[in-house]
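Novice: Okay, here's the prediction I keep looking at, along with the sequence it came from:
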Amino acid sequence: MPFHAYGPSVDDEALLDALRQGHDRSREPGEPFWRVPSSFLWSALYCGGRLTPATVGGVRYLVRTIGEPGFGGDDPALRQAAVWFLRDVAGVALAGVDRAAASRRDEPEVRQWLAAYLRGPRSVLEWTEADAPGEVLLAAARVDCFDLLPEVFAAIEPMLAASEPRLRISAASAAAMLSRHPDLVAHQPRLLAYHLAECVSDDPHHRASMLLGAGELDGAPREWLSDPHPGVRVCAALAPALADDSEATAVLLGEATKNPAVIDMQAFEGMVLTVLPHAAAVLAERLCRAIDDVDRLLPAAIASVPYGATYLDVGEEHQMQAALCEPYLRMVFPDGLPSAATPAQRRLAAALAQHDPAWGRDFRTLAPPDRYRASRDAQAWEATFSRLRLPNDRSSWLAVAQADPA
């Protein structure tokens, strides 16, 4: 019997059938959160990139059904969600597979571990070193998903001609990811042309989404660096092929200085750039890689201080909770807080010292939504200070702001 992130695959197909039919019900009292059909995809079958044997079954199910006219019932978002799920699974599989480990899936030690695990399952998040045989099965699941990707592409490709713009966005992004597979790379030139052709849309969210896909396909969409919408300009400038382009870097710096949230949900009237969930963080990280002049980065760094918590790619950990300012702090204070500060260091320290959310407060006085947001922001600042080995007290930053020039 296969298993997913939370245990044996007892009724996986029933949950997937409910999703296909559009019955994405609310969670019943006491029911695990992952048993809501749409949540099941990401929590149980994806689980932050931990692909399991049940993930393989889920991918096969969607390959068979996702193209059906009635998939998702009356809710078109369910088909789009399934496409994004397939894209995410493809991204993990394409990041690397271990066929040597996968080849051990039928060894007695692995079979014995599986039999014992199915009698007393635990979340894969709780596994220990004793579960090493189980890791063999996760490696095998990645290999199996990788080998299924050409079939996934065949199921997704017809959706590039869908009448619904949002379905075209998700299908185009999934197709761009899938085209990294060795058997699918020949499709990349055609997919790049498709993405750029879709940029004739009057909808800036549509243009921005397609430009992100064009960037993934090694396109250099310089034509859109002068687009009327600032978020579209930024998405064009983020293309890896424009990493050394001075005009693209100027676009990124200018927009980040004016508004770090230029490509967040609010910038596109409530629609997120699904392929770029932490867009402001990606922009900050890209700027810090491209520009080594602290004085030039300073306006963007100061503008980032009031921004709320986000997630950054930090070291070997992916998407660690952080303050948006973290990449800039790393650039401006590479050796910790100085005793004799530069003008740039004094200015950024002063902006941070004046930012109350960085220093915590009594959250009990706030309404629940504000309390959650303030608590999350405070935790993000604490994590940032800890990673960068910078002091987590306002007085230290005030001292730098008032320090003698270096």
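Specialist: Sure thing, it's come through. Numbers count the residues shown, from 1 in each chain.
Novice: Tell me how far the nearest residue to R389 once chain neighbours are set aside lies from R289.
Specialist: Leaving aside its chain neighbours, R389 sits nearest to G336 (6.2 Å; criterion: C-beta to C-beta, 6 or more residues apart in numbering). Every C-beta, even on glycine, is put in place using the N, C-alpha and C of the backbone. The spacing between G336 and R289, counted by C-beta to C-beta, to the nearest Å, is 21 Å.
Novice: same thing with A378?
Specialist: Noted for A378: a distance of 28 Å to R289, by C-beta to C-beta.
Novice: so the most centrally placed residue in the chain is in which element?
Specialist: For the chain, the residue nearest the mean C-alpha position is P277 (4.8 Å; C-alpha atoms, centre = their mean). Under the criterion DSSP states H and E, no helix or strand holds P277.
Novice: Spit out the contact partners of it.
Specialist: Y311 (C-beta atoms under 8 Å, 6 or more residues apart in numbering).
Novice: Can you report phi and psi for it?
Specialist: phi -60, psi -30 (degrees, to the nearest 10).
Novice: what do you get for C199?
Specialist: According to degrees, to the nearest 10, C199 has phi -80, psi 0.
Novice: and the nearest residue to it once chain neighbours are set aside, what does it touch?
Specialist: Of all residues beyond its chain neighbours, the one nearest C199 is R207 (4.8 Å), with distances taken as C-beta to C-beta, 6+ apart. R207 sits next to E198, C199, S201, W224, D227, H229, V232, C235 when contact means C-beta under 8 Å, 6+ apart.
Novice: what's the most distant pair in these?
Specialist: Spatially, the most separated pair among the contacts of R207 is E198 and H229, at 15.1 Å (C-beta to C-beta).
Novice: ok, back up a step: specify the local secondary structure of the residue nearest to C199.
Specialist: helix (DSSP: H, G, I helix; E, B strand; the rest coil).
Novice: wait, R35 sits on L16?
Specialist: No: the criterion here is C-beta atoms under 8 Å, and R35 misses it with L16 at 11.9 Å.
Novice: burial count for the closest residue to L217 other than its chain neighbours?
Specialist: Once flanking residues are discounted, L217 sits nearest to L192: 4.3 Å by C-beta to C-beta, 6+ apart. Per other C-beta atoms under 10 Å, the neighbour tally for L192 reads 20.
Novice: What mean pLDDT does the one helix or strand L192 maps to get?
Specialist: Secondary structure assignment for L192, by DSSP H and E: helix 188-198. Mean pLDDT, helix 188-198: 98.
Novice: Go through that helix and flag the buried ones.
Specialist: Q188, L191, L192, Y194, H195, L196, E198 (16 or more other C-beta atoms under 10 Å).
Novice: Check the closest residue to Y61 other than its chain neighbours and give its pLDDT.
Specialist: Counting by C-beta to C-beta, 6+ apart, L16 is the residue found nearest to Y61 once chain neighbours are left out, at 5.0 Å. Here the pLDDT value assigned to L16 is 95.
Novice: does L16 really touch P37, like I thought?
Specialist: Yes: shown here, L16 and P37 form a contact pair, counting by C-beta under 8 Å, at 7.2 Å.
Novice: pLDDT weak spots in the stretch 201-350 of the chain?
Specialist: Residue ranges of the stretch 201-350 of the chain with pLDDT under 70: 314-319.
Novice: run the last query once more with 80
Specialist: Low-confidence segments of the stretch 201-350 of the chain (pLDDT under 80): 265, 313-319.
Novice: ok, A101 touching V136?
Specialist: Yes: A101 is within contact range of V136, at 5.6 Å (criterion: C-beta under 8 Å).
Novice: If you count surrounding residues, which of those two has more?
Specialist: V136 (22 against 16).
Novice: so where does that one fall, helix or strand?
Specialist: helix 132-156.
Novice: May I see the buried residues of that helix?
Specialist: 133-146, 148-149, 152-153, 155-156.
Novice: mind checking how far the helix or strand following that helix is from the chain centre?
Specialist: As assigned by DSSP H and E, the chain's next helix or strand after helix 132-156 is helix 165-178. A distance of 16 Å separates the centroid of the chain from that of helix 165-178, by C-alpha atoms, centre = their mean, to the nearest Å.
Novice: Contacts for helix 165-178 next, please.
Specialist: Everything outside helix 165-178 that qualifies as a contact, by C-beta under 8 Å, 6+ apart, is 76-77, 79-80, 83-84, 86-87, 90-91, 94, 149, 152-153, 156-157, 159-162, 184, 187, 191, 194-195, 198, 201, 203, 206, 209-210, 212-213, 216-217, 274-275.
Novice: Narrow those to those that are buried.
Specialist: 79-80, 83-84, 86-87, 90, 94, 149, 152-153, 156-157, 159-160, 162, 184, 187, 191, 194-195, 198, 201, 203, 206, 209-210, 212-213, 216-217, 274-275.
Novice: Give me the residues contacting the helix holding L192.
Specialist: By C-beta under 8 Å, 6+ apart, helix 188-198 touches 160, 168, 172, 175-176, 179, 206-207, 210-211, 213-214, 217-219, 221.
Novice: Between helix 165-178 and that helix, find me the angle.
Specialist: 150 degrees (axes from the mean of the first three to the mean of the last three C-alpha atoms, to 10 degrees).
Novice: Pull out the CA atoms of helix 188-198 and give them to me as PDB.
Specialist: C-alpha atoms of helix 188-198 as PDB (Å, rounded to 0.1, in the frame of the first residue of the first chain):
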ATOM      1  CA  GLN A 188      11.300  25.400 -25.400                       C
ATOM      2  CA  PRO A 189      11.600  27.700 -28.400                       C
ATOM      3  CA  ARG A 190       7.900  27.200 -29.200                       C
ATOM      4  CA  LEU A 191       6.900  27.800 -25.600                       C
ATOM      5  CA  LEU A 192       9.000  31.000 -25.400                       C
ATOM      6  CA  ALA A 193       7.200  32.300 -28.500                       C
ATOM      7  CA  TYR A 194       3.900  31.400 -26.900                       C
ATOM      8  CA  HIS A 195       4.700  33.300 -23.700                       C
ATOM      9  CA  LEU A 196       5.700  36.400 -25.600                       C
ATOM     10  CA  ALA A 197       2.700  36.300 -27.900                       C
ATOM     11  CA  GLU A 198       0.500  36.200 -24.800                       C
END
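Novice: For the stretch 301-406 of the chain, which segments are assigned as helices?
Specialist: Taking DSSP state H, counting those that start in this stretch as the criterion, the stretch 301-406 of the chain carries its helices at 326-332, 343-353, 368-388, 394-401.
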